[in-house]
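Student: starting from these lines, generate the structure:
(one chain, ligands or ions: 1)
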Amino acid sequence: MILKALLVGAVIYIVYIMFFKQKNVEKSSTTAKKKEQKPQANEMVECANCGVYVEISESILSSGKYYCSDECIKKAGK
Ligand SMILES: [Zn+2]
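Tutor: The predicted model follows:
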C-alpha cells in the first residue's frame, strides 16, 4: 500500500514538473517574442537628404537626423 501511494505521488510529481516546465517554456517564449518586437530594428526612417526610407538599423544618425548613407550626410552638410 505504501509503495502504491509512493508511485501515485511520483506520477503526480512528474506530471506537476512537466506542466510547470511547459508553463515556463511558454512564458519564456512569449517574453522572447515580446523582446523581438520591442527593438525598433524594422522601423523605417526617412533620409533627411534624399527622402529614401531606410531601416533604422541601416540608417546613419547625424546631428539628430537620419541619413541613408555617408554621401547624404555630406550633401546635407553642404
Ligand atoms: Zn539619402
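Student: quick one: low-confidence parts of this protein?
Tutor: Low-confidence segments of the chain, defined by pLDDT under 70, are located at 25-41, 78.
Student: how does it divide up, domain by domain?
Tutor: What the record gives for the chain is the domain set 1-38, 44-77, from automatic domain parsing.
Student: most neighbours per residue, which of these?
Tutor: Among the domains of the chain, domain 44-77 has the highest mean neighbour count (mean count of other Cβ atoms under 10 Å), at a mean of 15. Using the backbone N, CA and C atoms, a C-beta is placed for each residue, glycine as well.
Student: and the ion, is that one touching that?
Tutor: Yes: with Cβ under 5 Å from the ion as the criterion, the ion is reached by domain 44-77 at Cys47, Asn49, Cys50, Val52, Cys68, Cys72.
Student: the closest residue in space to the first one that isn't next to it in sequence and Glu46, how far apart?
Tutor: Spelled out, it's Cys47. With sequence-adjacent residues excluded and distances taken as Cβ to Cβ, 6 or more residues apart in numbering, Cys47 is closest to Cys68, at 4.0 Å. The span separating Cys68 from Glu46 equals 9 Å under the rule Cβ to Cβ, to the nearest Å.
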